[in-house]
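1. 3D model of this:
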Amino acid sequence: MKTIHVKALAAALISLIAVGTAQAQDQDANRKPGRAGQRQNGMARLMKQLDLTTEQKEKIKKIQDATKAKVQPIRDNKSLTEEQKKDQLKAISKDSMKQILEVLTPEQKAKLQELRSKQRGQRGQRAGRAGNGPATPGATP
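-> Presented below is the predicted three-dimensional model:
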């Protein structure tokens, strides 16, 4: 009789663990991945702040899709060193930004420059508050 209770208790415990694990996996699947998710959110916010036309949004989306298609094989390439990957990804990013800038009007380019400067300043302030070094280049901690 006692073994039946122990087995039932063990089965109930295993069920609870399985349900908890499944829920945690569902939550993880819905969560955006770290920096990539932040980048996507940041780009969406930028596009909204620049007040892009539908045509501009479509062109930029195509540029982003093409960039993503170039980036993934580099990240997956096991024969490249981290430095080689970094260099290639930087070149792709630079080319992508050049293409995006060609889509923007002069006013939007100016606004983008302003937003990026503000963003860099905020990043520097956060780094300074966290004790990760000087808030501005050339400053001493």
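2. any stretches of the chain with poor pLDDT?
-> 1-41, 125-141 (pLDDT under 70).
3. make it 80
-> 1-44, 46-47, 122-141 (pLDDT under 80).
4. do a quick rundown of the helices in it.
-> 2-30, 34-49, 54-76, 82-103, 106-129 (DSSP state H).
5. can you give me the buried ones in the third one?
-> Translated: helix 54-76. 56, 59-60, 63, 67, 70-71, 74 (16 or more other Cβ atoms under 10 Å). Using the backbone N, CA and C atoms, a C-beta is placed for each residue, glycine as well.
6. would you list the phi and psi of T53?
-> phi -80, psi 170 (degrees, to the nearest 10).
7. for it, the count of nearby residues, please.
-> T53 is flanked by 12 other residues according to other Cβ atoms under 10 Å.
8. so how far is T81 from it?
-> 42 Å (Cβ to Cβ, to the nearest Å).
9. I'd say T67 and A91 touch.
-> No - with contact defined as Cβ atoms under 8 Å, T67 does not reach A91; the gap is 11.2 Å.
10. isn't I63 up against Q99?
-> Yes - when contacts are counted by Cβ under 8 Å, I63 is listed as touching Q99 (4.8 Å).
11. shared neighbours of these two, which are they?
-> With contacts taken as Cβ atoms under 8 Å, 6 or more residues apart in numbering, I63 and Q99 have no neighbour in common.
12. and L50, how many residues sit next to it?
-> Quick note: L50 (other Cβ under 10 Å) scores 19 neighbours.
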